[in-house]
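> could you work out the structure for the sequence below:
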Amino acid sequence: MATPPKSARHFSYAEELVNCGNRYCRSCGGKRGGRFIHGPYWYAYYTKTNGDTGKVYIGRDLAAWKAKHEPKTQKQKPPKTAPATKVKPKPKPKTTPPPKTRPEWERMLKDGTPVLAAKLLGVRPGITRGALTTSYRTAIKAAHPDKGGNAIHAAALNAAYAMLKPLTR
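Residues are numbered from 1 along each chain as shown. Down below sits the predicted model:
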């Protein structure tokens, strides 16, 4: 066990696996390449009063090291509080219900038509591929589940885009 410097104040601890570096060590793998299987051993990371940081080897017994080296702190008295008064409970925030699926989204997923696909994407028949892609990207930004949208709506938009893409010029 190593000793930390006297000016070390704040500690954090981590277990690490180490490689001894001996090229003939059977545990580390020797000539076959290091596998880092010695340990796990505890290390203490500390901060000095001047702001510098460092690392100290502890070994396997963390509790004994803490008892010996960690700075002792005085027990603080809990702050005095004013006598308890009755507090009105806060009203629970209103939760919004999950978004309802629109029938055309579900219909597009079950048995979609090019007319329904064009309606979902907000395009007209005979649109160019570039305009279709732009319309799809705008619609999917609002409907994507990662952006707060609905998964069914996003799936319906993907199906509509896949259906209309081969039909564009």
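
> only C-alpha atoms from now on, for both contacts and neighbour counts.
Noted.

> for residue 54, phi and psi?
phi -160, psi -180 (degrees, to the nearest 10).

> what's opposite it in the beta bridge?
Note on residue 54: beta-bridge partners by DSSP bridges are residue 46.

> can you give me the end-to-end span of stretch 47-58?
16 Å (Cα to Cα, to the nearest Å).

> show me which residues of that stretch are buried.
47, 48, 56, 58 (16 or more other Cα atoms under 10 Å).

> wait, which of these is closest to residue 5?
Checking the buried residues of stretch 47-58 against residue 5 by Cα to Cα gives residue 48 as the nearest, at 8.0 Å.

> contacting residues for the closest one?
7, 8, 9, 10 (Cα atoms under 8 Å, 6 or more residues apart in numbering).

> sec struct for the residue lying farthest from the centre of the chain, please.
Distance from the C-alpha centroid of the chain, by Cα atoms, centre = their mean, peaks at residue 126 (43.5 Å). Of the three states, residue 126 takes coil under DSSP: H, G, I helix; E, B strand; the rest coil.

> so what's it up against?
Shown in contact with residue 126 (Cα under 8 Å, 6+ apart): 168, 169.

> do residue 42 as well
When contacts are counted by Cα under 8 Å, 6+ apart, residue 42 touches 13, 14, 15, 16, 57, 58, 59, 60, 61, 62.

> give me the neighbour count for the second one.
When neighbours are defined as other Cα atoms under 10 Å, residue 14 has 12 of them.

> any idea how far it lies from residue 68?
18 Å.

> which segments of the protein make up each domain?
Domains of the chain are assigned by automatic domain parsing as 8-69, 103-167.

> now do the same end-to-end measure for the first one.
Distances were taken as Cα to Cα; on that basis the terminal residues of domain 8-69 are 10 Å apart.

> quick revisit: nearest to residue 132 among the buried residues of stretch 47-58?
Once Cα to Cα is applied, the member of those that ends up nearest residue 132 is residue 47, at 58.3 Å.
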